[in-house]
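Engineer: When you get a sec, could you give me coordinates for this:
(chains A and B)
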Amino acid sequence: KNQVEQSPQSLIILEGKNCTLQCNYTVSPFSNLRWYKQDTGRGPVSLTIMTFSENTKSNGRYTATLDADTKQSSLHITASQLSDSASYICVVSAYSSASKIIFGSGTRLSIRP
Amino acid sequence: EAGVAQSPRYKIIEKRQSVAFWCNPISGHATLYWYQQILGQGPKLLIQFQNNGVVDDSQLPKDRFSAERLKGVDSTLKIQPAKLEDSAVYLCASSLEGDLAYEQYFGPGTRLTVT
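Structural biologist: Below is the predicted model of the structure:
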């Protein structure tokens, strides 16, 4: 069964600190993995996308990694800011007769001043 | 570039009533998605359109949910009759093509409360 699991479910850190969010998946056959940021009351916005051959991708203070062998991904946020408070959702796509898009439940990140 | 538009933003109805949501995708985007996001969970795909044809509706509860995309542009999602468990945010997204490499752009969502 195709699944995407994220941890932790929620996280609180102080402004300026770094943090790492985890994503484990059992999606097959793997197409790509995206990290989305979803602010409260808004739709998700894509941060990064990685295919099978990529193992790291950066977008400003956000760095995503992918280990296709262990089927794990992480999103590292450097020097957190108050505006980073949001839910971060890992989304894995699979090739199939009808392409499958599987969303994780997200990690709720709160940045405290 | 204008984003994905959705209306209404909020809707409160009683169970067994009907409700409809509207989505206007980004101009030129061939693929349109409807998602259901229950509080504390990630979005769940309900239906995917490629132009005005359905690509995937395997998770759409067809006994009460229906969707259409006439002329391959705007789309409506209808629930009839609504149940309490339909309370959720309904997100519409669009992308240039259905290839998964293309980024999906999401609208702000419609928050539905069924009482």
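
Engineer: Around the residue of chain A found nearest chain B, count how many other residues there are.
Structural biologist: The minimum distance from chain A to chain B, using CB to the nearest CB, falls at A:Gly43 (2.9 Å). From N, CA and C alone the C-beta is placed, and that goes for glycine too. Residues within reach of A:Gly43, counting by other CB atoms under 10 Å in any protein chain shown, total 23.

Engineer: That one and B:Cys23: what is the separation?
Structural biologist: According to CB to CB, to the nearest Å, A:Gly43 stands 11 Å off from B:Cys23.

Engineer: can you check A:Glu15 too?
Structural biologist: 36 Å.

Engineer: swap in B:Lys62?
Structural biologist: For B:Lys62 relative to B:Cys23 (CB to CB), the value is 19 Å.

Engineer: higher neighbour count, these two?
Structural biologist: With neighbours defined as other CB under 10 Å, B:Lys62 and B:Cys23 compare such that B:Cys23 has more, 25 against 10.

Engineer: Could I get the contacting residues of the more buried one?
Structural biologist: B:Val4, B:Ala5, B:Gln6, B:Leu32, B:Trp34, B:Asp74, B:Ser75, B:Thr76, B:Leu77, B:Cys92, B:Gly107 (CB atoms under 8 Å, 6 or more residues apart in numbering or on different chains).

Engineer: Just the element for it, please.
Structural biologist: Here B:Cys23 is covered by strand B:19-24, with elements defined by DSSP states H and E.

Engineer: same check, this time on A:Ser93
Structural biologist: strand A:86-94.

Engineer: Which neighbouring elements make contact with that strand?
Structural biologist: strand A:4-7, strand A:19-25, strand A:30-38, strand A:72-77, strand A:100-103, strand A:107-112 (3 or more CB pairs under 8 Å, 6 or more residues apart in numbering or on different chains; DSSP states H and E).

Engineer: what do you get if the cut-off is 7 Å, keeping everything else the same?
Structural biologist: Secondary-structure packing of strand A:86-94 (3 or more CB pairs under 7 Å, 6 or more residues apart in numbering or on different chains; DSSP states H and E): strand A:4-7, strand A:19-25, strand A:30-38, strand A:100-103, strand A:107-112.

Engineer: what's in contact with the last one?
Structural biologist: Spelled out, it's strand A:107-112. Applying CB atoms under 7 Å, 6 or more residues apart in numbering or on different chains, the external contacts of strand A:107-112 come out as A:6, A:8-15, A:19, A:21, A:80-82, A:84-88.

Engineer: Which pLDDT does the model give residue 75?
Structural biologist: Just so you know, I chose chain A. What the model reports as pLDDT for A:Leu75 is 98.

Engineer: if you could check chain B rather than the one you did, that'd help
Structural biologist: On the pLDDT scale, B:Ser75 gets 97.

Engineer: if you skip the residues just before and after it, what's nearest to it?
Structural biologist: Excluding the flanking residues, the one nearest B:Ser75 by CB to CB, 6 or more residues apart in numbering or on different chains is B:Arg69, at 4.2 Å.

Engineer: Tell me how many other residues crowd the one you found.
Structural biologist: B:Arg69: 21 neighbours (other CB under 10 Å).

Engineer: right, and it touches B:Leu32 too?
Structural biologist: Yes - using CB atoms under 7 Å, B:Arg69 and B:Leu32 qualify as a contacting pair, with a distance of 5.9 Å.

Engineer: Could you name every residue contacting both of those two?
Structural biologist: Joint contacts of B:Arg69 and B:Leu32 (CB under 7 Å, 6+ apart) are B:Phe49, B:Ser75.
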